[in-house]
Structure formats: C-alpha cells, structure tokens
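In: Fold the following.
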Amino acid sequence: MKFTAEDLTEAKTRKDLIAIAKKKEIPISKALKKIKYEAELLELQAELVNLQKYIAEKKMRVVVIFEGRDAAGKGGAIKRFKEHLNPRASRVVALTKPTEVEKGQWYFRRYIKALPNPGEIVFFDRSWYNRAVVEPVMDFCTKEQYEKFILQAPEFEHLLYEDNLKIIKFWFSISKSEQKKRFDSRLKNPLKRWKFSPVDMQGQQLWDRYTHYKEQMFSKTHTNFSPWIIVKTNDKKQARLESMRYVLSQFDYKGKGISHISILPDPNVIMRYHRGAIQIDI
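Out: Next up, the predicted model:
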C-alpha cells in the first residue's frame, strides 16, 4: 500500500499524513525516525551556534578530538558539528602524514601549530593519538617512539589544561561486523570510495591488535583533566546527536537550552571511560 496523489493533496499537516498512513497500514517508522533525527539535529546545531558565540565572547580555546577505528563515523559527525558554525571561529584539522622535517621534530609540534586561537573551536579528525593506536598497529613508529608518546601525552595535555585550553576526547566505538558493512558500502559507492585506503583494508585482519593498543591508550592517557569519552556509533545518527549533547553539556553558555531540546547525553550511548565499561569494539 502506498500514498496516492489524493492522499498527499488531502494531508495539510504531518499529523494528517501519519493518520492516513495508519489507516492504510503504510509503514512509515523509518521515515518518522529520519524526520525526528533531522529535527533534533537542527535544534542541537542551533545550540552549538550559541555555544560558539559564548566561546568567542569569553576568548576560550576549545579542542574536540574525534578518534576511533576506521569507518566509525568521525568525519560525518564533524561535518554535522561544523555545518552551521561561523567558519572564522571554527576549523577542522586532519593532518596528513608528517614530512621529513616534521619527523625530526618533537612529535607534538605539528599539532601545537594547529591548536585554537582565543575564541576558536577546533575539531581534530584524528589527532596526536595516531601514535597511540594506528602507528604502532601498522608499524609506522618504533617501540621507543610509542613508549615516549604514552608517557608524554598526559603531561602534554596537562600543560594545555593548565593554560585553560579545553579538550574533549571522543572515541567512536564500532563493532567489527558494522565496520565490515561500512567498508563494503564504501567500495560500492563511487562517491565514498576515496575514503577507503590500504590501512582500512587491514582494519579487519588486525582487529585484535587495534583493540590491544586502544585499551593501552585508555589506561595510560585517561585522566581527570582530560578523560576519554566513549561513543557507541553502530547507529551513526544517534552517535552524532549524543556527541553534540555531550559537548553542549560541558559549558554554561548564554541561551543554553533555549531550544527546549534535551542536551543531556544518553548514558547508554555515550559514557566516560572506565575499566568496567561495556564496549562494542572489543
């Protein structure tokens, strides 16, 4: 059963359309879920605009880090975060592999240059934590370089914290089966095929190795001043909304909650890391 031209002409509001669908037993749950998501997204993005104004007025410096396995939805989330923000006071940082000169410098230097200026919010699509997971998994760094990083990362972040730079660290958690499903989808879609790299191809084979280094990263770099926030991302749209709610919940900005939408993150989707946390990407 489908909507007829007469149905669409007769329906003046969304409620009318839903009533007709129920009467004719037309399945619309998927469409309603999408409509609800888009409505919530718009409200949360409006809240983010108010937050950005507050950050600019207070000359704050804010970093939001998005880490996670390949295809976990980091890029899609960042796109929605930044969609309606003033580009003069917000940036996305996605650094390529270091140059020969950068390889000879202190590891954190290239990231320091990308940190926010006063009044700015910066989104890191992967960050200095490349050296905590991807690099040791793929043998892109030595054991000595890895161990030095693990010791220095909390100290580096503590220096930033003492300098009043706010860091939010997200780990986007995805299950192995969902990752494979998204990899397959990328390969079939010519508009998304560019996202698939040789490193991605090894993500499934090296799953357990990724898990080991991920857990090491959590245990060594999760601190009170810079905690890891785990986001379950098998449902990408839900992950986007809840990560937005978490960021909004961390600030007391002018006009907070004016949209009347909940800005308290769902603890079943997003949680602060602790050793007993149930994760889906083990």
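In: so how far is A21 from V93?
Out: Using CB to CB, to the nearest Å, V93 is found at 45 Å from A21. Every residue, glycine included, has its C-beta placed from N, CA and C.
In: Ignore what I typed, I meant E120.
Out: E120 sits 46 Å away from A21 when distances are taken as CB to CB.
In: distance between the ends of stretch 222-233?
Out: This stretch, stretch 222-233, spans 20 Å end to end (CA to CA, to the nearest Å).
In: which parts of the helix or strand bottoming out on mean pLDDT in the chain are buried?
Out: Counting by mean pLDDT, DSSP states H and E, the weakest-scoring helix or strand in the chain turns out to be helix 198-201, with a mean of 71. For helix 198-201, burial by neighbour count (16 or more other CB atoms under 10 Å) applies to D200.
In: Please shift the residue numbers so they start at 671 in all later answers.
Out: All right, first residue 671 from here; so that's helix 868-871.
In: then that helix to CSV, C-alphas only?
Out: Output of helix 868-871 as CSV, limited to C-alpha atoms (Å, rounded to 0.1, in the frame of the first residue of the first chain):
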residue,chain,number,x,y,z
PRO,A,868,45.2,0.4,2.2
VAL,A,869,45.2,1.0,6.0
ASP,A,870,41.5,0.4,6.1
MET,A,871,41.9,-2.9,4.3
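In: C-alpha coordinates for whichever helix or strand comes after it, CSV please?
Out: Later in the chain than helix 868-871, the nearest helix or strand by DSSP states H and E is helix 877-891. Taking C-alpha atoms only, helix 877-891 is exported to CSV below (Å, rounded to 0.1, in the frame of the first residue of the first chain):
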residue,chain,number,x,y,z
TRP,A,877,41.2,-6.0,14.8
ASP,A,878,42.6,-7.6,17.9
ARG,A,879,45.9,-5.7,17.6
TYR,A,880,43.9,-2.4,17.4
THR,A,881,41.9,-3.5,20.5
HIS,A,882,45.1,-4.1,22.4
TYR,A,883,46.6,-0.6,21.7
LYS,A,884,43.2,1.1,22.2
GLU,A,885,43.0,-0.4,25.7
GLN,A,886,46.6,0.6,26.4
MET,A,887,45.8,4.1,25.3
PHE,A,888,42.7,4.4,27.6
SER,A,889,44.6,3.0,30.6
LYS,A,890,47.6,5.3,30.1
THR,A,891,46.0,8.6,28.9
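In: Let me see the mean pLDDT of helix 877-891.
Out: In this model, helix 877-891 carries a mean pLDDT of 97.
In: Repeat that for stretch 831-842.
Out: Stretch 831-842 comes out at a mean pLDDT of 98.
In: what's that stretch in contact with?
Out: Stretch 831-842 has contacts (CB atoms under 8 Å, 6 or more residues apart in numbering) with 730-739, 742-744, 747, 785-786, 799, 827, 830, 884, 888, 895-901, 903, 909, 913, 916-917, 920, 943.
In: let's see it at 7 Å
Out: 730-738, 742-744, 785, 827, 830, 895-901, 903, 909, 913, 917, 920 (CB atoms under 7 Å, 6 or more residues apart in numbering).
In: Sitting in helices, which of those residues do you find?
Out: Among these, DSSP state H puts 744, 827, 830, 909, 913, 917 in helices.
In: Which two among those residues are spaced furthest apart?
Out: Spatial extent of the ones in helices among the contacts of stretch 831-842 (CB to CB) is set by the pair L830 and A909 at 25.7 Å.
In: okay, these two: which has more neighbours?
Out: Applying other CB atoms under 10 Å to L830 and A909 shows that A909 carries more neighbours, namely 25 against 18.
In: returning to what we had before: buried members of the contacts of stretch 831-842 into PyMOL, please.
Out: Filtering the contacts of stretch 831-842 down to the buried ones (16+ other CB under 10 Å) takes a single PyMOL command:
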select buried, resi 730+731+732+733+734+735+736+737+738+742+743+744+785+827+830+896+897+898+899+900+901+903+909+913+917
